[in-house]
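Colleague: okay, structure incoming, though there's no sequence with it:
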């Protein structure tokens with residue numbers, strides 16, 4: 001259990017990451033490669049990524065270099081997921097390069113104590129070795145993370161919409177109280193389900209908390225092991241079980257002005273009631289239209305208390321952009337790297 005202690009100043013300073021953090025995406029996606037657990041949530045990503053890693057000649061480097069550094073365990077080095085990565089991939093990788101040698105050696109030593117580390121990791125205190133690591137991280141990101149940017153962005157935006165509404169309705173405490181089944185808010189402490197082997201307190205001390213929703217994470221949140229680092233809580237987005245097969249019928253049912261109005265209504269996020277008012281239809285009709293659009297993969301829906309918030313998926317956003325464009329522009333195995341050891345998301 002992780003207990004996060006808030007003061008009034010911390011509640012005022014708590015915020016959510018604007019976009020997905022690329023270095024946490026790298027770390028957690030590497031965890032996905034190490035387990036079959038929850039694979040249904042990322043099945044197409046898993047297959048495509050394994051194939052691309054082989055085609056790009058990266059499979060061996062990922063297995064021998066990255067997986068030992070990012071074990072699906074209770075600990076991996078904090079310097080690999082620097083706070084600076086909230087400003088983007090380049091800023092994050094530069095922070096990895098700039099990490100003090102003493103800190104890198106200390107964290108690699110802790111990794112060795114917890115799960116064991118290959119001998120070569122001792123060289124990561126040297127900048128030249130980290131330059132090689134950064135090149136590999138960038139290559140991995142290009143294959144395993146960047147191609148899914150639209151999908152990840154859409155899910156993060158939907159989550160931000162849900163949390164923004166909770167914030168407006170109930171303030172920071174209301175937002176924290178609704179984070180998910182893995183958290184329980186009991187003023188002034190947020191109780192977070194963590195690794196079974198971990199029981200600790202994180203006292204924010206006026207620094208606030210940065211919430212980082214993660215597309216690749218499942219089950220349990222993650223945070224820095226070092227309490228002196230800027231406080232972050234990386235937490236899982238909700239992944240729904242696979243929907244029924246999407247045949248031609250749901251797509252054919254999209255034809256019509258009413259559903260076009262619904263798509264426009266949800267472009268910035270909308271509840272079912274807001275859709276009904278914006279599209280000029282009844283509440284039951286708005287719910288039916290939303291169901292058809294969701295079955296067709298054009299919107300996603302997340303329950304927020306008694307309401308349901310709908311947002312566009314990348315496919316829905318693309319369709320809406322195409323429809324809005326000026327007419328002149330229209331063109332009529334088994335996994336050999338799997339392992340399960342104690343930052344892990346279960």
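Modeller: In hand now; what should we look at? For clarity, every value in this text was computed on a predicted model and none was experimentally measured.
Colleague: need the strands for the stretch 101-250 of the chain, in chain order.
Modeller: 183-186, 189-192, 200-203, 210-214, 232-236 (DSSP state E, counting those that start in this stretch).
Colleague: mind listing the strands the first one pairs with, and their directions?
Modeller: Right, the one you point to is strand 183-186. Using DSSP bridges, the strands paired with strand 183-186 are strand 189-192 (antiparallel).
Colleague: who's in contact with the partner strand?
Modeller: With CB atoms under 8 Å, 6 or more residues apart in numbering as the test, strand 189-192 has contacts from 1-6, 176, 179, 182-185, 221, 233. Quick note: C-beta positions are derived from backbone N, CA and C, even for glycine.
Colleague: residue 50: which of these is nearest?
Modeller: residue 221 (26.4 Å; CB to CB).
Colleague: count of neighbours near the closest one?
Modeller: Look at residue 221: counted by other CB atoms under 10 Å, it has 24 neighbours.
Colleague: pLDDT value on it, please?
Modeller: Turning to residue 221, the model gives it a pLDDT of 91.
Colleague: which element is residue 57 on?
Modeller: Assigned by DSSP states H and E, residue 57 belongs to no helix or strand.
Colleague: roughly how far is the longest helix seen in the chain from the heart of the chain?
Modeller: Secondary structure assigned by DSSP state H gives helix 149-177 as the longest helix of the chain. Offset of helix 149-177 from its chain centre (CA atoms, centre = their mean, to the nearest Å): 13 Å.
Colleague: go on, stretch 222-232?
Modeller: Stretch 222-232 sits 17 Å away from the centroid of its parent chain (CA atoms, centre = their mean).
Colleague: in it, what's buried?
Modeller: 222, 223, 224, 225, 231, 232 (16 or more other CB atoms under 10 Å).
Colleague: would you check that residue 79 makes contact with residue 104?
Modeller: Yes. With contacts counted by CB atoms under 8 Å, residue 79 reaches residue 104, the gap being 5.7 Å.
Colleague: neighbour count winner among the two?
Modeller: Shown here are residue 79 and residue 104; by other CB under 10 Å, residue 104 has more neighbours (23 against 20).
Colleague: how far away is the residue lying closest to the more buried one once chain neighbours are set aside from residue 79?
Modeller: Ranked by CB to CB, 6 or more residues apart in numbering and with sequence neighbours excluded, the top spatial neighbour of residue 104 is residue 125, at 4.8 Å. Plainly put, residue 125 is 10 Å away from residue 79 if you go by CB to CB, to the nearest Å.
Colleague: before we move on, back to that, residue contacts, the residue nearest to residue 104?
Modeller: With contacts defined as CB under 8 Å, 6+ apart, residue 125 is in contact with 101, 102, 104, 105, 108.
Colleague: rebuild the residues you listed as a markdown table, extending it with distance to residue 58 and pLDDT.
Modeller: Below are those laid out as a markdown table (distance: CB to CB, whole Å; pLDDT from 0 to 100):
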| residue | distance to residue 58 | pLDDT |
| --- | --- | --- |
| 101 | 27 | 94 |
| 102 | 31 | 94 |
| 104 | 23 | 96 |
| 105 | 27 | 95 |
| 108 | 22 | 96 |
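Colleague: and the buried ones among these, selectable in ChimeraX?
Modeller: Buried residues among the contacts of residue 125 (16+ other CB under 10 Å), as a ChimeraX selection:
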select :104,105,108
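Colleague: of the strands of the stretch 101-250 of the chain, which is nearest residue 10?
Modeller: strand 200-203 (9.2 Å).
Colleague: how many neighbours does the nearest residue to residue 227 once chain neighbours are set aside have?
Modeller: Leaving out its chain neighbours, the residue that sits closest to residue 227 by CB to CB, 6+ apart is residue 202, at 5.8 Å. Using other CB under 10 Å, residue 202 has 19 other residues around it.
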